[in-house]
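sequence? don't have it. structure:
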Ligand SMILES: Cc1cc2nc3c(=O)[nH]c(=O)nc-3n(C[C@H](O)[C@H](O)[C@H](O)COP(=O)(O)O)c2cc1C
């Protein structure tokens, strides 16, 4: 039998739709990895924590991130046409929190290095991808940014996970790997 559907107290649909708070709560149940998007504007490094990273295409290699319209990092990505994506390791919860705090200088007191394509690098990330903006699409209050991946660096380690406002770890079930391609 299916579990009963849950409708929360603040389920006030916008005209003809679903309330933002309900949508946010529902989507928060989707477990994700955690990354930091970085870019330079006026010589200064900017970065923001994101969970909205997906791979889009292998030939050519394209990825997509969804960034709050008007945020400093979003502006820096748009203006420079380049951005970095650092996929965080399980040991980097504090980095995720730092780059999610509104308004602060996210790179303050962090050693900043730059990749081959002039994008800031978050030290010790699991994966670092350097991208050129391929296309952008305004979608509601966010900017969807498709980036062509120009360079990839990886290191060993486990990923940081996120669900319902909490950081956690990924644990596999010890079963056979699923080798899939798209
Ligand atoms: C786990 C996590 C995931 C997030 N994912 C996104 C995201 O995908 N897109 C986005 O625009 N903001 C996302 N945020 C919020 C931004 O990190 C936050 O608003 C931003 O860093 C604030 O920076 P600002 O002061 O430059 O606006 C996320 C925050 C957290 C903690």
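Happy to help now that I have it. All values derive from a computational prediction rather than experimental measurement. Numbering: from 1, shown residues only.

dump the residue contacts of the residue nearest the centre of the chain.
Against the mean C-alpha coordinate of the chain, by CA atoms, centre = their mean, the closest residue is residue 50 at 2.7 Å. Listed by CB atoms under 8 Å, 6 or more residues apart in numbering, the contact partners of residue 50 are 34-37, 65-67. Glycine gets a C-beta too; all of them are placed from N, C-alpha and C.

apply 6 Å and report the result again.
35, 37, 65 (CB atoms under 6 Å, 6 or more residues apart in numbering).

in CSV, list those residues along with pLDDT, distance to residue 141 and neighbour count.
Compiled in CSV, those are given as follows (pLDDT from 0 to 100; distance: CB to CB, whole Å; neighbours: other CB atoms under 10 Å):
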residue, pLDDT, distance to residue 141, neighbour count
35, 98, 20, 30
37, 98, 17, 31
65, 98, 15, 24
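
bridging residues for residue 143?
Note on residue 143: beta-bridge partners by DSSP bridges are residue 67, residue 138.

distance check, it against residue 159.
25 Å (CB to CB, to the nearest Å).

ditto for residue 131
Taking CB to CB, one finds residue 131 at 19 Å from residue 159.

compare these two (neighbour count), which wins?
Between residue 131 and residue 159, counting by other CB atoms under 10 Å, residue 131 is the more crowded of the two (27 against 18).

any idea how far residue 19 is from the more buried one?
From residue 131 to residue 19 the distance is 34 Å (CB to CB).

and for residue 53, the neighbour number?
Count around residue 53 with other CB under 10 Å applied: 18.

go on, residue 174?
In terms of burial, residue 174 registers 5 neighbours under the definition other CB under 10 Å.

surely it forms part of a strand?
No: applying DSSP: H, G, I helix; E, B strand; the rest coil, one finds residue 174 to be coil, outside a strand.

separation between it and the ligand?
For residue 174, the distance to the ligand (CB to the nearest ligand atom, to the nearest Å) stands at 27 Å.

what sits against that residue?
By CB under 6 Å, 6+ apart, residue 174 has no neighbours at all.

all the helices of the chain, residue numbers only.
In the chain, the helices defined using DSSP state H lie at 20-27, 72-80, 93-98.

most tightly packed of the ones you listed?
Among those, the stretch with the highest mean neighbour count (mean count of other CB atoms under 10 Å) is helix 72-80, at a mean of 20.
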